[in-house]
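*Asks:* generate a structure from the sequence data that follows.
(one chain, ligands or ions: 2)
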Amino acid sequence: QKDCYILGIESSCDDTAAAVINNGRILSNVVATQEIHEQYGGVVPELASRAHQQNIVPVVHQALRKANIDKNHLSAIAFTRGPGLMGSLLVGTSFSKSLALGLGIPLIDVDHLQAHILAHFIKIDGQTPPNFPFLALTISGGHTQIVKVTDYFEMEIIGQTIDDAVGEAYDKSAKILGLPYPGGPLVDKYAQIGNPKAFKFPKPKVGPMDFSFSGLKTSILYFVEKETHKNPNFISENIADICASIQFTIVEYLMDKLKNAVKQTGIKEIAIGGGVSANSGIREALKGAEKKYGWKTHIPKFEFCTDNAAMIAIVGELKYKNHNFAKNSVIASARMKF
Ligand code: KG4
Ligand code: ZN
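*Replies:* Ligands and ions are numbered 1, 2, ... in the order given. As a prediction, the model looks like this:
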């Protein structure tokens, strides 16, 4: 197979990203994170679309320059077709279609959630990709699911959230504690210096491999309101212990679900992805499970956990090799399912 250069483009939520991959290796990986949403305490879809439109050409330009390749050497354009915010997806989809048409090269549509999983197949020195079959735990601000992966494009969702995503649970808990958006990384930071057993929060009961997080947020809100009523400085005096207790509950919950999935499928190889896989608690728990339960775990480098275009490009390359191209009439799909 001849050398292939794939340009990946990601614009499903609030990160505009472009990357170039050559035979599984990253030549460039550029992300423009939209800071505009911080002041609103969450992603504002309308503003996200506008920022994508503003960023997309400079980001692609930078990715090509960093990869040190001429656009005429590209083999194909891979783009995120969904799921995500419709306005955001439209920007990346329309741009990718036009660029592919202009360059006269194939267009490849990519499922964002498959990309979070297949990011593990980006070639990195000293790292081995997962072996099929494996279980993928995708945990982000928009998604929480356990997927049984039997081949690159043979995936089955065996468990998922029935309400909020785990990243949302982190961000909403952080908001209750007065921390700025997105609060997940801050809760994680405080958690590392707090007592995880200081307070107890309930773990919602749903299907053995399913998740529910909306109740957790409510119980944290009631707890904090009650304690603040007694002591107005409750939050500031106990922030580390509160965060550590929240994190303990969430990580234990995620691990319970993984244990159920391992029991049900007999598969002990686990790969995580999505923004929340940057979390120190879940990383530690997974490493612990290697010794404790004999699991083999795959934890991506931080830059491939959060939304990025390298993961879109690697899926593009896998599809390119199978001549699996999109029609030029392809449309973005906010609720796309694999
Ligand atoms: O994958 P991602 O960048 O975007 C989505 O597709 O949603 O994930 C972002 C989410 C946010 O909710 C953020 O708070 C959370 O990942 N996150 C974390 C950590 N780093 C990012 N949550 C907990 N601990 C972290 N260290
Ligand atoms: Zn994502």
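*Asks:* contact partners for the residue sitting nearest the centre point of the chain?
*Replies:* Residue closest to the average C-alpha location in the chain (CA atoms, centre = their mean): Gly274, at 2.2 Å. Gly274 is in contact with 116, 138-140, 143, 167, 305-306, counting by CB atoms under 8 Å, 6 or more residues apart in numbering. Quick note: C-beta positions are derived from backbone N, CA and C, even for glycine.
*Asks:* what is the nearest of those to ligand 2?
*Replies:* Ser140 (4.5 Å; CB to the ion).
*Asks:* wait, that closest one sits on His112?
*Replies:* No: with contact defined as CB atoms under 8 Å, Ser140 does not reach His112; the gap is 9.5 Å.
*Asks:* name the residues contacting each of those two.
*Replies:* Asp307.
*Asks:* Gly254 contacts Val166, doesn't it?
*Replies:* Rather than Gly, residue 254 is Leu. Yes: if you go by CB under 8 Å, Leu254 and Val166 touch, sitting 7.0 Å apart.
*Asks:* comparing those two, which residue is more hemmed in?
*Replies:* For Leu254 versus Val166, neighbours defined as other CB atoms under 10 Å are more numerous around Val166 (28 against 23).
*Asks:* does any bit of stretch 323-337 sit next to ligand 2?
*Replies:* No: Stretch 323-337 is not in contact with ligand 2 by CB under 5 Å from the ion; minimum separation 12.8 Å.
*Asks:* residues making contact with that stretch?
*Replies:* 76, 81-86, 89-90, 92-93, 97, 100-101, 106-109, 111-112, 319.
*Asks:* what ranges do the helices span in the stretch 201-338 of the chain?
*Replies:* 214-230, 234-265, 280-293, 302-305, 310-321 (DSSP state H, counting those that start in this stretch).
*Asks:* weakest of those by average pLDDT?
*Replies:* Ranked by mean pLDDT, the helices of the stretch 201-338 of the chain end with helix 302-305 at the bottom, a mean of 90.
*Asks:* touching ligand 2 at all, it?
*Replies:* No: shown here: helix 302-305 not in contact with ligand 2 (CB under 5 Å from the ion), separated by at least 9.0 Å.
*Asks:* how many residues are close by the closest residue to Phe223 other than its chain neighbours?
*Replies:* Spatially, and ignoring its direct neighbours in sequence, Phe223 is nearest to Phe199 (6.9 Å; CB to CB, 6 or more residues apart in numbering). Around Phe199 there are 19 other residues, counting by other CB under 10 Å.
*Asks:* would you check that Ile139 makes contact with Ala278?
*Replies:* No: counting by CB under 8 Å, Ile139 does not reach Ala278; the two are 9.6 Å apart.
*Asks:* what's the closest non-adjacent residue to Gln62?
*Replies:* Leaving aside its sequence neighbours, Gln62 sits nearest to Val30 (CB to CB, 6+ apart; 4.9 Å).
*Asks:* pretty sure the one you found belongs to a strand, no?
*Replies:* Yes: under DSSP: H, G, I helix; E, B strand; the rest coil, Val30 falls within a strand.
*Asks:* that one contacts Val59, correct?
*Replies:* Yes: look at Val30 against Val59 with CB under 8 Å: they come within range, at 5.3 Å.
*Asks:* neighbours of Leu221, how many?
*Replies:* 14.
*Asks:* next: Lys291.
*Replies:* 8.
*Asks:* tell me, what's touching Leu254 and Val166 both at once?
*Replies:* With CB under 8 Å, 6+ apart, Leu254 and Val166 have common neighbours 139, 211.
*Asks:* hmm, who's touching stretch 112-130?
*Replies:* 10, 12, 21, 23-26, 80, 82-84, 136, 138, 140, 143, 145, 147, 149, 152-153, 155, 269, 271, 273-274, 296, 298, 300-301, 304, 307-308, 310-312, 314-315, 318, 336, 338.
*Asks:* right, I'll leave it there.
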